[in-house]
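K.L.:
Everything below, folded, please.
(2 chains)
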Amino acid sequence: MHEMSLAEGVLQIIEDHAAKAGFGRVKTVWLEIGALSGVETEAMRFCFDAVTRGSVAEGAALEIVAVPGTAWCMPCGQQVAMAERYDACPRCGGYQLQVQGGTEMRVKELEVD
Amino acid sequence: MCTVCGCGQGETKIDGDHEHEHRHEDGTVHSHAHHHDGEHVHTHPHAPGGLSYAPRHHHHGHEHSHAPGLTPGRMVQIEQDILAKNNAYAGANRKLWRERGLFAINLVSSPGSGKTTLLVESIRRLAGRHPLAVIEGDQQTSNDAERIRATGARAIQVNTGKGCHLDAHMVGHAFERLDLNAGGLLLIENVGNLVCPAEFDLGEAHKVVILSVTEGEDKPLKYPNMFAASDLMLLTKTDLLPHLSFDTAKCIEYARRVNPKIEVMQVSAKSGEGMDGWLAWLEQGVASAKN
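P.N.:
Next up is the predicted model:
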């Protein structure tokens, strides 16, 4: 998926908060990225560095909190781990799975001056 | 540059820095841009075993990001979705289209799956039964919009330039130029790309993924997010099946692995096979969107 657009989205959120909360410089940015979100974290780092140049977040460290994928298996009636969307249920081997967690793409918090 | 799909983005430049590639002991080749101001902070640990990035531990001390002698800054809770801005535009589009009783669908596929041919044939068969307009997304050229206009339907071309997907903001602006006020059908043909458009809601009622039988049957597994995000899969160019070794049943099975609820239809714009079912699906959507 398109990390450059996402990195621009992250910067937009930071700049909105900088204007509202009145901070001058961002030192660290925590993102929560789900394993099933389609975000390649290394591409995100690359794009984040590129889009934040000349902004309040220039040079900020990017901390990516990986959120594991989880799904509800209907036949098993319980939550199971899911590393990829095409994975079978690790218990029953079926594909009647409903993704529950791991699709997040959020700006969690900032450390600012 | 979007390192997933290779596209550039707007006027974003990587000024003053060079791209730097190095090989780690485990064989991982990794490239990144860096400043030359003496403050190179190499913050990313590398997972062993190649280019698969394992979840990293979340350090809340984050001491590595501080220059010596500086006190930690204050923390600001954000808890905001990265796509919040796009989603807000998508929400506004959805509201407007609902008010106008419009059925909007977002057609996504690889380049060359036959989206435009299918649209042209669908519009021809609908033959003015409903108000209808098309928003065409491509990086360059207005060729597709011209093909649609040749049917007599209204079409707006959005050129994304270096961008690899339509977003809700672009589509909202394109829609302003269409005179579609009293129900009908809005067909949005996204940029040919099975990766990026999956995550960008445009305000549509459904994403429809188009896969031609000249492509591999394992595409639902290779690009799972797109098939997970779609409500209907159209298998196109089925008139070519006798000449191919495409395994239709396998393809449908793969799509259902990724998305157990996905509807599947097999169509050929050329022979007309399956077109009645597809048009009935559209008609039903139009009828249910009508105020």
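K.L.:
could you pull out the helices for the stretch 151-291 of chain B?
P.N.:
With DSSP state H, counting those that start in this stretch applied, the stretch 151-291 of chain B shows helices at B:168-176, B:219-222, B:224-229, B:248-258, B:275-289, listed in chain order.
K.L.:
Which among the ones you listed is found nearest to A:Cys73?
P.N.:
For these, proximity to A:Cys73 was assessed by C-beta to C-beta; helix B:248-258 is nearest, at 13.1 Å. The C-beta positions use only the backbone N, C-alpha and C, and glycine is treated the same way.
K.L.:
Does anything pack onto the closest one? Which helices or strands?
P.N.:
Taking 3 or more C-beta pairs under 8 Å, 6 or more residues apart in numbering or on different chains; DSSP states H and E as contact, the helices and strands that helix B:248-258 lies on are helix B:219-222, helix B:224-229, strand B:232-236, strand B:263-266.
K.L.:
Show me which residues of stretch A:47-57 are buried.
P.N.:
Neighbour-count burial for stretch A:47-57, counted by 16 or more other C-beta atoms under 10 Å in any protein chain shown, picks out A:Cys47, A:Phe48, A:Asp49, A:Ala50, A:Val51, A:Thr52, A:Arg53, A:Val56, A:Ala57.
K.L.:
Quick one: mean pLDDT for that stretch?
P.N.:
When the per-residue pLDDT values of stretch A:47-57 are averaged, the result is 95.
K.L.:
likewise stretch A:8-26?
P.N.:
93.
K.L.:
Show me what it is in contact with.
P.N.:
Under the criterion C-beta atoms under 8 Å, 6 or more residues apart in numbering or on different chains, residues A:29, A:31, A:48, A:51-52, A:55-57, A:60, A:107, A:110-113, B:9, B:74, B:76, B:78, B:80, B:82-86 lie in contact with stretch A:8-26.
K.L.:
Drop anything exposed from those residues.
P.N.:
Burial of the contacts of stretch A:8-26 was assessed by neighbour count (16+ other C-beta under 10 Å); the buried members are A:29, A:31, A:48, A:51-52, A:56-57, A:60, A:107, A:110-112, B:9, B:76, B:78, B:80, B:82-86.
K.L.:
For chain A, just list every one of the helices.
P.N.:
Shown for chain A, the helices assigned by DSSP state H span residues A:3-21, A:41-52.
K.L.:
For beta bridges, what are the partners of the most centrally placed residue in chain A?
P.N.:
The C-alpha lying nearest the average C-alpha coordinate of chain A belongs to A:Ile33 (C-alpha atoms, centre = their mean; 2.1 Å). Partner residues in beta bridges with A:Ile33: A:Ala66, A:Met105, with DSSP bridges as the criterion.
K.L.:
Return the residues in contact with it.
P.N.:
By C-beta under 8 Å, 6+ apart, the contact list for A:Ile33 reads A:Val39, A:Thr41, A:Met44, A:Ile64, A:Val65, A:Ala66, A:Val67, A:Glu104, A:Met105.
K.L.:
What count of nearby residues applies to the last one?
P.N.:
Around A:Met105 there are 22 other residues, counting by other C-beta atoms under 10 Å in any protein chain shown.
K.L.:
Then B:Gln77?
P.N.:
B:Gln77 has 11 neighbouring residues, counting by other C-beta under 10 Å.
K.L.:
thinking A:Ala61 is in contact with A:Trp30, fair?
P.N.:
No - A:Ala61 is beyond contact range of A:Trp30, at 9.5 Å (criterion: C-beta atoms under 8 Å).
K.L.:
circling back: would you turn the helices of the stretch 151-291 of chain B into JSON lines with mean pLDDT?
P.N.:
Converted to JSON lines, the helices of the stretch 151-291 of chain B look like this (pLDDT from 0 to 100):
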{"stretch": "helix B:168-176", "mean pLDDT": "95"}
{"stretch": "helix B:219-222", "mean pLDDT": "96"}
{"stretch": "helix B:224-229", "mean pLDDT": "96"}
{"stretch": "helix B:248-258", "mean pLDDT": "97"}
{"stretch": "helix B:275-289", "mean pLDDT": "97"}
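K.L.:
Among these, show me which one is buried the most.
P.N.:
Stretch with highest mean neighbour count among these: helix B:224-229 (a mean of 24; mean count of other C-beta atoms under 10 Å in any protein chain shown).
K.L.:
Run through the neighbouring helices and strands of that helix.
P.N.:
Contact here means 3+ C-beta pairs under 8 Å, 6+ apart; on that basis helix B:224-229 packs against strand B:206-212, helix B:248-258.
K.L.:
now what about it, what contacts it?
P.N.:
Looking at what lies outside helix B:224-229 - C-beta under 8 Å, 6+ apart - the contacts are A:1, A:36, A:38, A:84-86, A:99, B:108, B:194-195, B:197-199, B:207, B:209, B:219-220, B:233, B:255, B:258-259, B:262.
K.L.:
what ranges of the stretch 101-250 of chain B fall below the confidence cut-off?
P.N.:
Scanning the stretch 101-250 of chain B for pLDDT under 70 picks out nothing.
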